[in-house]
Every structure is written in C-alpha cells, then in structure tokens.
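[1] whatever this is, show me its structure:
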Amino acid sequence: ADFSYGADDYDAEGNEEPKALPEGSETMPYIDESPTMSPQLSARGQDSGDGVSPTPTDGLGTGGERDAGKGLEMRKLVLSGFLASEEIYINQLEALLLPMKPLKATATTSQPVLTLQQIETIFYKIQDIYEIHKEFYDSLSPKVQQWDSNITMGHLFQKLASQLGVYKAFVDNYKIALETAEKCSQSNYQFQKISEELKVKGPKDSKESHTSVTMEALLYKPIDRVTRSTLVLHDLLKHTPADHPDYPLLQDALRISQNFLSSINEDIDPRRTAVTTPKGETRQLIKDGFLVELSEGSRKLRHVFLFTDVLLCAKLKKTAVGKHQQYDCKWYVPLADLVFPSPEESEHCPQVHVIPDHELEDMKMKISAIKSEVQKEKANKGQSRAIERLKKKMFENEFWLLLNSPAIPFRIHNRNGKSYLFLLSSDYERSEWREAIQKLQKKDLQAFVLSSVELQVLTGSCFKLRTVHNIPVTSNKDDDESPGLYGFLHVIVHSAKGFKQSANLYCTLEVDSFGYFVSKAKTRVFRDTTEPQWNEEFEIELEGSQSLRILCYEKCYDKTKLNKDNNEIVDKIMGKGQIQLDPQAVQTKNWHMDVIEMNGIKVEFSMKFTSRDMSLKRTPSKKQTGVFGVKISVVTKRERSKVPYIVRQCIEEVEKRGIEEVGIYRISGVATDIQALKAVFDANNKDILVMLSDMDINAIAGTLKLYFRELPEPLLTDRLYPAFMEGIALSDPAAKENCMMHLLRSLPDPNLITFLFLLEHLKRVAEKEPINKMSLHNLATVFGPTLLRPSEGESKGHLTLASDIWSHDVMAQVQVLLYYMQHPPISFTELKRNTLYFSTDV
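    So this is what the prediction gives:
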C-alpha cells in the first residue's frame, strides 16, 4: 500500500474546497467521518461493493500485517507523511494569526481596520488550535526522526483527541467567522487586501518560500484537519500489532475523534433538514457530480444530483457579485420511474456527434503550452495580471475539452415519456452512476410529482449539499496540489481470479489526464475461463495523472445486443477498482507488483513509471550488429538497401492488413509482442516473415514507431532540427516552400529516401480515415516527435519542465510533418534535380 499523507494530499481540494464557495458563509460543509474519504483506503461509496484499496481494510483490528517488521515500517511511513502535512498545517495557522496582532493594535486607535469584537469573532480559537498542534508536532517530530521499534506515540494522539473541544468551539463559530470576514472585506478595502493574500511559509525542505492563500481558504483548514487526523488514526491502527502498547491508546483516540465528527455532523449536516420523501423519510443526497448532457443537439455541462428517490439535473445560475449562488433545475426523474434503455431501445435516440481526435489533441497541446507559459511567468516573477489572463485562457480551453471529449453514452429514460442522454469519458464513472441508482431502486420506492415549491426547496438545497464543488479541470487546482505525473506508465496486467463461472474476459485501463478519466488500453479477450492469464504489457502516456483504474469485462458476442452506435459499450462490467499513482512509490526502476480487489475478483498487475525526460532520451545501441539504436546509414549500407528492411516489412504488413484498423499507430500494441519483434529484427532471424504474418497488427505498427524512436539521432537529423523549427515558423508560403524543400535536400540520402517512403505510406493510411479514424493530423501527432525530436545532447536546452515538452517544441514537430504530408507528392529525383538552384548551405 502507498501512504502518501504528504503535503499534496492534505492540501488537495478535498470534498469541500472553500475556494469554490464564494458564498461559503451560507452553510457549513458536511464532514465525512468515514475512512472512505481516503482514496488509499477505499472508494468514496461506503458500501459500493467494490473496495478499491489494494490492501483489504478488514484487518483493522487484527494487527493487519502478518509481518511485524513491515508493519512498523508502514507506521513510520504513515507518520512521516502525516508529520510533513502537520508542518504545513501549522504554517497555515501561523499565516492566519500573523495579521491578528497588527489588527488588534489598530483597533484601539482613531482609525481601526476592524473592531476588537470583529477580530475576536474572525480569529476565534485559532491561537489555541495553533498551540495544541505546535506542541503535538514538537513532541512527535523527534520520535519519527530517531525511529526504532520500541518508540511509542499513542499517548500523543490520545492527548490530541482529548483537546477536540477547542475544535467544537471553532466549528460552532465557523459560519459567523466567515460571514464577519466577508462583511469586513466588503466594507474595508485594507482588510480586503490583507485577507486576499495571506503568505503561508513553505515546508523546511521545499524550494518555495511562500504561497499566497485567501483567509477564507485558511479558515476552512481546521475543519478539514480533524477528518484527516481520523484517517491517519485508521491507518496507524491497521499497521500496529494488537499487543503493541500504542494499540489501546490509538483505539481510544480514534473512538473520541469519530464520536466528535459524528456529533458535529449532527449539528451542521444540512442533509438532516433536506426535503422529505413521500413516505416521510429524509431525502438524502447520495451522489453528485458534473456530467455533459446532450440537449437539443448541443453539449451542456450539468451538475447531477442523486437523492434517495430522485435524480435531479441542474445547472448553476449566473448570479450577480455578492449574491448567493443558486442552481436551476433542468429536469428530474423519480427513481421509481427511471429505467435504463437497452441498446435496441436506444437506437432511436439522437446520434452522438464525436469531435475528431486531432481537434482534441490540438486543444491539449494549446493547454500544455499555456501551462508552461504560466510556469515561466511564475519563475520570472511575472505580473499577476498576465498570469491571471493566461489562467483564464487555460480554463476556457480546459472547459472546452471537458465538454467535447466525452463520447460514451449514458441514457436515462422516464417511464412516463422523456429520455435523456449524458456523455461520459469513462465507463468506470458510467457504471458508478448506474450502480448507485440501481442500489436505491431495490428499496420500495413510490412515484411522485414534486410541487413547484417542493422542487424549489430541493433545488435550493443542492448548493448546500453538493460534495463536488469544482469543475474537474486542472486550472481549478491549488498551486500546492500535486500536479500529477507526466511521462509513461508501463503496466503489465497479469491475471485475475475469483470468477464464479467461465466467461470471455478482458480488462481496460483508464487514467485521468487534463482533469478527467479516459480509457487508454485494453487486453485481449481470454476465452471461456475462470482464471484468465493475460500477461500483457502496455505503455500509457500520463498527462498530469494521479490515478489508475482497471475495469474487468465479460465480452458480449450476442449479435442482437451489439449496438450500431460505436461508443455504446454493451459488455458487462464484472468488477472495477482504482489506485492512486503515488510518485514516490511508482518512480523506481523496478516493477512494482500490486493487486486490485473488486467484487470478490482479484486482478494482479505490475507497474513502473518513466518520467518524460527519461523516456525522451535516444540511446545509441552498444552493439552495431542489430538495427535498433543503430544509425540508419550503417543499416542501409550493411543491407545494401535504400530503405531499412524493418521499415519496408512493417509498412508492407500494415498496408496488407492494418490500413483499415481503427486507431492504427495510435493504439499501443502489446509491449511484450513489440519486444519479441525487436529481438527478431535485431537478430536478423529468418522466421521474421512468419512471425509478422501471425502478429497483432498494432504490435507491428508499434515496432515501426519504436524503431524510429530508438534511432541514435532522429530521422530528420539533429543538425537540421533548428532549421526545421525556423522553417515551419515562416509565414510567407513561398519562402516556407523553398526552405522546407531545401531542408529535405540537405538530408543524407538514406534518411531522405526512408522519410519519403514513410510519408507516402502515412498518406495512404490517412486516405482510409473514414474507416480507421486516423487523419493526417492524428498521424502527424504520433510520428512528428518520433521523427524530429533531437537526441539527448541536442535537447538539453529544450528540457525545462516535464509538461513543457508537450508544448511548443512538440507542436512545431507535428506541424513540420503535417506540412510534408499535406504537400503534393515529393519525389527523390525531382528534389535532387533542383539541388543546382540551391547551393547555399543550411
């Protein structure tokens, strides 16, 4: 298990991030006292049936670990992560207290910023909370630093729990504190300036000296902290042997903390006062989130709320500044009337207009380019106005992506007539919504119609009850949040067991990038088995990813159920689970083996991560006998060929049986197959042709890409790279044509002939775009960086930030290849004939 209770975890926008509560004073956030708030422990749904944790949580009271040594090591990991976050929390409280003294000093003068009464209300109990945690930190820190198996610290947690009364007083005052701070901000410009930018000290070992945080966000931290401390107690208990002296003390501290959380939830949970159902029971909010609805032919972002007996679809109203935000109900369906149409029934539904991949890829590049501009501005201490402008642009682009990328239909039908269609990017999420609804439908539900007043009250409660505050785009993240991982995740899906009966089984892998989840890889179908052994390896590109999801499906071969709609997934989900991608745990050179448990099924997999800059290195091969990692001129000379044999054979095979394959060159082949082909080509084995004819076509396409990626220098050469970058940036078409053709002439013959051979092939693939969905632009995105990216020595100056690599350089590399692909046919002899006119050196 990975426990990263580090700064990133603790400062992440949790379920209730105050930033998104401009009217935060309207309600107290609901605090979830269950351990399931921690993604490392389990999924959000307490009893959703599929625990997501790689470590079963049923060992809580049994000393969990069989191996005491490992248990103690885990305790140390949990504690050191918690200590790091405790330091950040203390710094936040310190930042909050900093303006208190000067404010008090001015309160007794003729021009007070705030009255003493207002200061007392806003900063109520902060000093006490600070002192409690400072003392706790100072006592725990030396114990963790001089760690050994005999150390006890249960009494410290017990003491911390016994002082929760101070938090009770803080919580009771929280709403008034926020309201007072807001009123004072509106009426006093000086206080507004103070409360907008409080400087929080960075952790001791961090490069950042300070971050700016609003007072509203800091006032929320103590509320968040109790929940987090409770989670840590859960994890400590799990890794503490039952006979350890700390065990009873930690149990006691956990009991006190949980009772405390329950009691304050009794006071503040607005769910208790939600509208009642027709049977007189309390109507509770079960799940909510942002979904894209296809309404009257256009995509709209909706906030969907699932209550005990009704599904309500709302949108946030535009409100004037200073007014409370409200939701506007678009429609609702009582769960007693809600049905999921079968694929046959949904054939009459509107067809989904899918945005071409290249437009989505273009937008991702734009977002990444803006991200790197923001980072540069920050690094150069740029103007905050310029940064705000860039962030606004980034939000608009990310919002467009969020709206336009989902394509998996989620249809909902009201028995009394109307149907609705949502589009999701993740089948995992679609199944979560479906399961949550079906679970509620098992209860005895009544149909009803809400009066306009009831509907108004229910919609009005949505703002207070919601658990998802922010649209899931990265621009909404705090600066102190983990940016996620950039690079390549290698995953081997080994096997699964726990199926009750034989079935045709496969898995898909989803990761989050740009704020939402997408499916990235799929294993082959293992036929008629209860214990599938896939042992397939995938390379998944990560773009700011934080989680990996695995879904296990039973393949549907029933022709009557297969829908005409491409994106309709009719296969049955047998289980699903997710794990956090913890940078510390994943970033090792070795494979990290793990198990995801889902619905009684266990899926075994291994993974390792390569950061972007590592994966971009071109390393020449040590042995010059093979073809991979060997200069193209050496290979063609040895083979006495104009185009390397590997390039000719792979292209021939793709044109023979892969040119109509959906996503050819975009979908990864199985990594083990690609490695097998690489070995055969390197050994110049006489069985190459037999092996090629049997091999999955995506593996052959992957081998060709790998060949170009592993050339010791790019096909279009290091020497000419700067000139290609300048040439593509020219705006005069005639000058650009001259320059780009001249650059091709300047390439060594083997490079040029191979490039032209590949170019014609890619054009033929793109001609089949209606079938294979691979446009010129898609192909340029896949091959541009592979053919142009400079080798290590050349690119030193280009590598700054991991996410930068996705920006300007890559966009230009794609544009260079696209230019040649859109150009009328270029022949080697024609090019060479024109050399006479262009004798100037590059």
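[2] Pro99 reaches Lys199, doesn't it?
    No. If you go by Cβ atoms under 8 Å, Pro99 and Lys199 don't touch, sitting 10.1 Å apart. For the C-beta atoms, the positions are set from N, CA and C on the backbone; glycine is no exception.
[3] the two: who's more crowded?
    Pro99 (19 against 14; other Cβ atoms under 10 Å).
[4] give the contact list for that one.
    Pro99 is in contact with 194, 198, counting by Cβ atoms under 8 Å, 6 or more residues apart in numbering.
[5] does Ser426 touch Ser519 like I think?
    Yes. In this structure, Ser426 is within contact of Ser519 by Cβ under 8 Å, at 7.1 Å.
[6] shared neighbours, these two?
    Common neighbours of Ser426 and Ser519 (Cβ under 8 Å, 6+ apart) are Glu510.
[7] spatially central residue in this protein, please.
    By Cα atoms, centre = their mean, the chain has its centre lying nearest to Asp512, at 2.9 Å.
[8] more neighbours: which of Ser426 and Ser519?
    When neighbours are counted by other Cβ under 10 Å, Ser426 comes out ahead of the other of Ser426 and Ser519, with 20 against 17.
[9] which phi and psi does the more buried one have?
    For Ser426, the backbone dihedrals (degrees, to the nearest 10) come out as phi -130, psi 130.
[10] still on that earlier bit, so is the residue nearest to the centre of the chain in a helix, a strand, or just coil?
    With DSSP: H, G, I helix; E, B strand; the rest coil as the basis, Asp512 sits in strand.
[11] walk me through the domains of the protein.
    Here the domain assignment for the chain is 68-268, 271-343+407-473, 485-615, 617-834, based on the TED database.
[12] in the stretch 701-842 of the chain, where is pLDDT below threshold?
    792-808, 835-842 (pLDDT under 70).
[13] which residue ranges of it form helices?
    721-729, 733-745, 749-767, 769-772, 776-788, 792-795, 808-822, 828-833 (DSSP state H, counting those that start in this stretch).
[14] still on that earlier bit, which among the domains of the chain is found nearest to Arg385?
    domain 68-268 (14.2 Å; Cβ to Cβ).
[15] re earlier: looking at the helices of the stretch 701-842 of the chain, which is buried most?
    Counting by mean count of other Cβ atoms under 10 Å, helix 776-788 has the highest mean neighbour count of the helices of the stretch 701-842 of the chain, with a mean of 22.
[16] now that one and helix 749-767, what's the angle there?
    For helix 776-788 against helix 749-767, the angle by axes from the mean of the first three to the mean of the last three Cα atoms, to 10 degrees is 160 degrees.
[17] tell me which residues are up against helix 776-788.
    Under Cβ under 8 Å, 6+ apart, the answer for helix 776-788 is 357-358, 361-362, 665-666, 705, 708-709, 714-716, 721, 724, 755, 758, 762-763, 765-766, 810, 813-818, 821-822.
[18] now for the helix or strand where Lys134 lies, which elements pack on it?
    Per DSSP states H and E, Lys134 falls inside helix 126-145. Helices and strands touching helix 126-145, by 3 or more Cβ pairs under 8 Å, 6 or more residues apart in numbering; DSSP states H and E, are helix 68-97, helix 154-162, helix 164-187.
[19] which residues in the stretch 551-700 of the chain form strands?
    Secondary structure of the stretch 551-700 of the chain by DSSP state E, counting those that start in this stretch: the strands cover 572-580, 592-598, 601-611.
[20] surely the residue nearest to the centre of the chain and Ser545 touch.
    Yes. With contact defined as Cβ under 8 Å, Asp512 counts as touching Ser545 (5.4 Å).
[21] between those two, what contacts are shared?
    Here Asp512 and Ser545 have Gly484 as joint contacts, going by Cβ under 8 Å, 6+ apart.
[22] quick one, what contacts Glu760?
    Counting by Cβ under 8 Å, 6+ apart, Glu760 makes contact with Pro825.
[23] so how far is Thr754 from it?
    Glu760 is 11 Å from Thr754, where distance means Cβ to Cβ, to the nearest Å.
[24] now Ser641
    For Ser641, the distance to Thr754 (Cβ to Cβ) stands at 10 Å.
[25] over to Ala107?
    According to Cβ to Cβ, Ala107 and Thr754 sit 78 Å apart.
[26] with Ser426 instead?
    In terms of Cβ to Cβ, Ser426 sits 40 Å off from Thr754.
[27] next one: Lys238
    Computed as Cβ to Cβ, the Lys238 to Thr754 distance reads 57 Å.
[28] SS state for Ser475?
    With three-state DSSP as the basis, Ser475 sits in helix.
[29] any idea how many residues pack against the closest residue to it other than its chain neighbours?
    Spatially, and ignoring its direct neighbours in sequence, Ser475 is nearest to Phe395 (4.2 Å; Cβ to Cβ, 6 or more residues apart in numbering). Phe395: 17 surrounding residues under other Cβ under 10 Å.
[30] for whatever helix or strand Phe395 lives in, which outside residues touch it?
    Assigned by DSSP H and E, Phe395 falls within helix 384-404. With Cβ under 8 Å, 6+ apart as the test, helix 384-404 has contacts from 290, 292, 299, 301, 355, 359-360, 363-364, 366-367, 370-371, 373-374, 377-378, 471-476, 514-516.
[31] among those residues, which are in strands?
    Among the contacts of helix 384-404, DSSP state E puts 290, 292, 299, 301, 516 in strands.
[32] possible to save the residues you listed as TSV with distance to Gly484 and neighbour count?
    As requested, the ones in strands among the contacts of helix 384-404 are exported to TSV (distance: Cβ to Cβ, whole Å; neighbours: other Cβ atoms under 10 Å):
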residue	distance to Gly484	neighbour count
Phe290	19	16
Val292	22	22
Arg299	25	18
Leu301	22	14
Tyr516	12	21
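[33] pull the most distant pair out of the residues you listed.
    For the ones in strands among the contacts of helix 384-404, the maximum inter-member distance is 13.7 Å, found between Arg299 and Tyr516 (Cβ to Cβ).
[34] residues that sit against both of these two, list them.
    With Cβ under 8 Å, 6+ apart applied, the contact sets of Arg299 and Tyr516 do not overlap.
[35] pLDDT on the helix or strand hosting Gln456, on average?
    Using DSSP H and E, Gln456 maps to helix 452-465. Helix 452-465 shows a mean pLDDT of 84 in the predicted model.
[36] same thing with stretch 288-307?
    For stretch 288-307, the mean per-residue pLDDT is 93.
[37] okay, how far is it across it, tip to tip?
    9 Å (Cα to Cα, to the nearest Å).
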